[in-house]
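*Asks:* Pasting the sequence and the predicted model now:
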Amino acid sequence: MNPWQKFMQYFKKILGQHCMLGLGTGIVLVMSLAALLAPWLAPYPPTAEHLDHILEPPSSRFWLGTDRLGRDVLSRLLYGGRVSLWVGFVAVGISVSIGTTLGLLSGYFRRWVDECIMRLVDIMLCFPSFFLILAVIAFLEPSLTNIMVVIGLTSWMGVTRLVRAETLSLREREFVAAARLAGCSTARVLFRHILPNALAPVLITATLGVAGAILVESSLSFLGLGVQPPTASWGNMLMEGKAALEVAPWLSLYPGLAILLTVLGYNLLGESLRDLLDPRLKQ
C-alpha cells in the first residue's frame, strides 16, 4: 500500500468517525473553489451592466437574476466570495501571528512580561470588539486593506490566552528542560519545541476565526463601512438588496445563503477539529 492509499484510508476512517468533519470540509472546499475559480465560473464580469435586464428574476440567461443596475447576481456572488474569504484568511493570519507570539512570550517568561501582556489583553477585552472595529474604521478610509488589518488587530486576545495556557504547561515538560540544558537559545526553545506542541488549539481557533471575520466584514459592508461599491462583497450585496427586498428578494437571498453556508462550514470544521485534536474530549 503506497503512502497515498494509506492517507486516503486514514482520511476515510476519520470521516467515518466524525461525519460533521466531512460535511464542514465539503462546504469549505466548495465555497473556496467557487471563489477561487470565479473568473472561469462567472458568466459575466461582476461590474457589467445589462440595462435592458434590470431587476430581472432568475432565468436561463441570468441564473440568479440581476440587480438594480442589471448586473448578474451570480457573477457578483462568486467575485464577492473572493473578497469575503480573502478578508477572513488575512485577518485571521494577522490575529494568529500576534496572539501566538504574545502568548509564547507571556507563558514562557512569566513575571513582568506576563503581567504586562495579560493586562493589555484585559484592556482590549473591555471593549466590545465590533464597536471597537467600527470606531477605528470611522477614522480610516473604508478599504479592503484597512478592514483586514483592523479585524486582525482587534481579534488576537483569545489566541494569546490559549497559547499562554499551553506554554505554561509545556515549559515544565522534560523535553523543554532538556532543550534548555542542551544550550538551545530561547528562540529555538519557543519556536522549535514549544510552538509545534501548542498548535492544535491555535488551528481550531483560526478555523473558527475565519467564520467570525467573514461575519464582521459582511456587517461592515452592510453598514457602508466595508468594501465599497462597485467592488462586490456579500455584505454590500445585502445592503444593495435591502432597498428592493419586496420586488427583488433574490438580491438579499443569495448573498445571505452564501454567508450562512460559509460560516456554517467553518464552524462545523472547527468544532470537528476540536473533537478530533483535543485529547481532553476523548477521555
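*Replies:* That came through, no problem. Residues are numbered from 1 along each chain as shown.
*Asks:* pretty sure Met118 is in a helix, no?
*Replies:* Yes - looking at Met118 with DSSP: H, G, I helix; E, B strand; the rest coil, it is inside a helix.
*Asks:* Quick check: the gap between it and Ser106.
*Replies:* 6 Å (C-beta to C-beta, to the nearest Å). (C-beta placed from N, C-alpha, C; glycine too.)
*Asks:* who's more crowded, these two?
*Replies:* Ser106 (24 against 17; other C-beta atoms under 10 Å).
*Asks:* ok, now how distant is that one from Ala198?
*Replies:* 12 Å.
*Asks:* hey, what's in contact with both of Met118 and Ser106?
*Replies:* Listed contacts common to Met118 and Ser106 are Arg164; contacts here mean C-beta atoms under 8 Å, 6 or more residues apart in numbering.
*Asks:* Next one: Val227 from Gly80, what distance?
*Replies:* From Val227 to Gly80 the distance is 8 Å (C-beta to C-beta).
*Asks:* which of these two has more neighbours?
*Replies:* Between Val227 and Gly80, counted using other C-beta under 10 Å, Gly80 has the larger neighbour count: 29 against 24.
*Asks:* just to revisit the earlier point, report the set of residues contacting both of Ser106 and Ala198.
*Replies:* Counting by C-beta under 8 Å, 6+ apart, the contacts common to Ser106 and Ala198 are Thr167.
*Asks:* Name the residues contacting each of Val227 and Gly80.
*Replies:* In contact with both Val227 and Gly80: 233, 236, using C-beta under 8 Å, 6+ apart.
*Asks:* Sort out which residues of the helix or strand containing Val263 are buried, please.
*Replies:* Here Val263, judged by DSSP states H and E, is contained in helix 250-277. For helix 250-277, a neighbour-count test (16 or more other C-beta atoms under 10 Å) marks 250-255, 258-259, 262-274 as buried.
*Asks:* now stretch 106-115
*Replies:* Those would be 106-108, 114, for stretch 106-115 by 16+ other C-beta under 10 Å.
*Asks:* For the stretch 151-283 of the chain, which segments are assigned as helices?
*Replies:* With DSSP state H, counting those that start in this stretch as the criterion, the stretch 151-283 of the chain has helices at 157-170, 174-181, 186-188, 199-222, 234-242, 250-277.
*Asks:* Which of those sits closest to Leu140?
*Replies:* Judged by C-beta to C-beta, the one of the helices of the stretch 151-283 of the chain that comes nearest to Leu140 is helix 199-222, at 11.4 Å.
*Asks:* gap between that closest one and the chain center?
*Replies:* Relative to the chain's own centre, helix 199-222 is displaced by 3 Å; criterion: C-alpha atoms, centre = their mean, to the nearest Å.
*Asks:* could you say what helices and strands it packs with?
*Replies:* helix 73-109, helix 129-138, helix 144-153, helix 157-170, helix 234-242, helix 250-277 (3 or more C-beta pairs under 8 Å, 6 or more residues apart in numbering; DSSP states H and E).
*Asks:* Can you tell me the closest non-neighbouring residue to Ala248?
*Replies:* Leu55 (4.8 Å; C-beta to C-beta, 6 or more residues apart in numbering).
*Asks:* Does that neighbour lie in a helix or a strand, and which?
*Replies:* Under DSSP H and E, no helix or strand contains Leu55.
*Asks:* That one: how many residues sit nearby?
*Replies:* 15.
*Asks:* What of the one 10 residues further on?
*Replies:* If you count neighbours by other C-beta under 10 Å, Gly65 ends up with 20.
*Asks:* pLDDT score for the nearest residue to Gly103 once chain neighbours are set aside?
*Replies:* Spatial nearest neighbour of Gly103, excluding adjacent residues (C-beta to C-beta, 6+ apart): Val163 at 2.7 Å. We have a pLDDT of 89 for Val163.
*Asks:* just Pro279 next, same as before
*Replies:* We have a pLDDT of 53 for Pro279.
*Asks:* could you list every residue that touches Glu166?
*Replies:* By C-beta under 8 Å, 6+ apart, the contact set of Glu166 is 103, 107, 194, 197-198, 201.
*Asks:* nope, Glu49 is what I was after
*Replies:* Contacts for Glu49 (C-beta under 8 Å, 6+ apart) come out as 69-71.
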